[in-house]
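Asks: can't give you the sequence, but here's the structure:
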């Protein structure tokens with residue numbers, strides 16, 4: 001029931017990734033393939049599980065319902081994040097203020113059951129909420145695919161284990177620790193984005209590659225690209241890949257306002273009349289990936305097949321944050337040929 005998608009592309013001022021996806025296929029019985037041998041470079045990668053949370057959409061089903069109904073999920077910065085008093089000023093020229101107060105926000109970003117993940121209640125608040133959210137999303141992705149951690153490890157052991165690849169661009173939670181220290185409170189909050197991937201690997205006892213990737217706006221696509229490469233090279237037999245992005249500190253909005261990236265109207269109008277910026281949105285999502293032949297042999301439910309992916313940087317353009325259209329076109333052409 002999945003409509004074919006020709007290509008999905010993203011490029012930031014730092015890097016770009018493109019992925020071509022084929023229609024979903026019905027699993028058919030095939031003889032098992034050896035998991036220990038590297039996969040052919042042109043073999044498709046099957047998506048066998050997925051999960052995600054988005055603004056006003058705690059599940060993928062709710063997200064789909066909101067899309068069908070055309071629900072506007074953009075709102076003002078929630079009061080529990082930070083106060084707008086002394087922070088928001090509609091005048092873009094106001095020094096040290098944000099002229100944007102809108103975004104697509106997740107509900108319950110602090111909700112977390114640490115004991116379920118064998119984490120002490122004392123340690124949990126020290127973890128970046130992005131780490132906690134992706135850990136929960138990873139668990140939901142395995143459930144969607146019909147695997148326990150133990151079963152997934154058993155199936156992947158001969159082929160290099162389970163890899164984890166996470167795209168993450170912002171790491172600002174630790175700024176609250178710096179503020180506390182300046183107020184005389186000795187508080188150190190976790191600052192390494194690598195722990196977002198490593199926490200999943202630790203919880204699942206996954207012994208494949210475990211990487212957090214920051215290629216700016218293309219981080220999640222870059223993570224999926226590297227996951228596919230790792231599967232094709234035989235570094236891992238199964239890969240969990242995705243991304244997480246949450247606005248946790250005013251610094252993000254102040255930076256967007258300072259650089260005039262943010263929309264002054266709370267609406268994205270890219271290339272449209274009156275468009276002067278974009279509205280930040282939050283989300284966390286993951287997919288479970290396997291080589292297509294192995295997914296068919298295992299009888300997995302297959303949502304879609306990634307046929308090829310590519311990665312590049314735009315090099316020099318008209319500005320550091322300005323995409324290079326020619327470099328993007330070359331990447332898309334090369335990936336579609338692949």
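Replies: Everything's here; your move. From a predicted model like this one, the values you see are computed outputs, not experimental measurements. Numbering: from 1, shown residues only.

Asks: the closest residue in space to residue 89 that isn't next to it in sequence - how many residues pack around it?
Replies: Spatially, and ignoring its direct neighbours in sequence, residue 89 is nearest to residue 97 (3.8 Å; Cβ to Cβ, 6 or more residues apart in numbering). Backbone N, C-alpha and C define where each C-beta goes, glycine included. For residue 97, the neighbour count with other Cβ atoms under 10 Å is 18.

Asks: list the contacts of residue 97.
Replies: By Cβ atoms under 8 Å, 6 or more residues apart in numbering, the contact set of residue 97 is 87-89, 91, 254, 257.

Asks: and of these, the nearest to residue 108?
Replies: Nearest to residue 108 among the contacts of residue 97, counting by Cβ to Cβ, is residue 87 at 22.6 Å.

Asks: got the confidence number for the closest one?
Replies: At residue 87, the model reports a pLDDT of 94.

Asks: one more: residue 95?
Replies: In this model, residue 95 is scored at 88, pLDDT.

Asks: point to the residue nearest the middle of this structure.
Replies: In the chain, the C-alpha nearest the mean C-alpha coordinate belongs to residue 243, at 1.4 Å (Cα atoms, centre = their mean).

Asks: buried by neighbour count: which residues of the helix ranked longest in the chain qualify?
Replies: As assigned by DSSP state H, the longest helix anywhere in the chain is helix 129-145. By neighbour count on 16 or more other Cβ atoms under 10 Å, the buried set for helix 129-145 is 129-142, 144-145.

Asks: cool, stretch 61-72 as well?
Replies: Across stretch 61-72, burial judged by 16+ other Cβ under 10 Å covers 63, 66.

Asks: and for stretch 309-329?
Replies: Under the neighbour-count criterion of 16+ other Cβ under 10 Å, stretch 309-329 has 309-314, 323-324, 327-328 buried.

Asks: so which of those residues are in strands?
Replies: 309-312 (DSSP state E).

Asks: low pLDDT regions in the stretch 101-250 of the chain?
Replies: Across the stretch 101-250 of the chain, the ranges flagged by pLDDT under 70 are 191.

Asks: can you give me the helices in it?
Replies: Ranges of helices in the stretch 101-250 of the chain, per DSSP state H, counting those that start in this stretch, are 129-145, 149-156, 174-182, 194-204, 219-232, 250-258.

Asks: residue 64 is nearest to which of these?
Replies: Closest among the helices of the stretch 101-250 of the chain, using Cβ to Cβ: helix 129-145, at 14.0 Å.

Asks: for the closest one, packing partners?
Replies: If contacts are counted by 3 or more Cβ pairs under 8 Å, 6 or more residues apart in numbering; DSSP states H and E, helix 129-145 sits against strand 45-53, helix 194-204, strand 238-245, strand 283-291.

Asks: one step back: quick check: the residue nearest to residue 89 vs residue 266, distance?
Replies: Distance, residue 97 to residue 266, by Cβ to Cβ, to the nearest Å: 16 Å.

Asks: show me which of the contacts of residue 97 are buried.
Replies: Buried by 16+ other Cβ under 10 Å: 88-89, 254, 257, out of those.

Asks: quick one on the thing from earlier: give me the angle between the longest helix of the chain and strand 283-291.
Replies: Angle, helix 129-145 to strand 283-291, by axes from the mean of the first three to the mean of the last three Cα atoms, to 10 degrees: 40 degrees.

Asks: what separates helix 129-145 from the chain centre, distance-wise?
Replies: Distance of helix 129-145 from the chain centroid (Cα atoms, centre = their mean, to the nearest Å) equals 11 Å.

Asks: ditto for stretch 251-268
Replies: Centroid separation for stretch 251-268 versus its chain: 21 Å, with Cα atoms, centre = their mean.

Asks: residue 283 touches residue 247, doesn't it?
Replies: No: applying Cβ atoms under 8 Å as the test, residue 283 and residue 247 come out as separate, 10.9 Å apart.

Asks: who has more neighbours out of those two?
Replies: Taking other Cβ under 10 Å, residue 283 and residue 247 do not tie; residue 247 has more neighbours (23 against 20).

Asks: who touches that one in this structure?
Replies: Neighbouring residues of residue 247 by Cβ under 8 Å, 6+ apart: 77, 81, 103, 105, 170, 253, 280, 282.

Asks: make CSV out of those and add neighbour count.
Replies: As requested, these are arranged in CSV below (neighbours: other Cβ atoms under 10 Å):
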residue, neighbour count
77, 21
81, 17
103, 23
105, 22
170, 21
253, 24
280, 23
282, 20
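
Asks: residue 334: which of these is nearest?
Replies: Closest approach to residue 334 among those (Cβ to Cβ): residue 170, at 29.6 Å.

Asks: and the closest one, its phi and psi?
Replies: Per-residue torsions, residue 170: phi -110, psi 140 (degrees, to the nearest 10).

Asks: now stretch 322-336, how far from the centre of its chain.
Replies: Relative to its parent chain, stretch 322-336 has a centroid offset of 22 Å by Cα atoms, centre = their mean.

Asks: sorry, wrong one. I was asking about stretch 75-93.
Replies: With Cα atoms, centre = their mean as the basis, stretch 75-93 stands 26 Å off its chain's centre.

Asks: check stretch 309-329 too.
Replies: Worked out by Cα atoms, centre = their mean, stretch 309-329 lies 21 Å from the chain centre.
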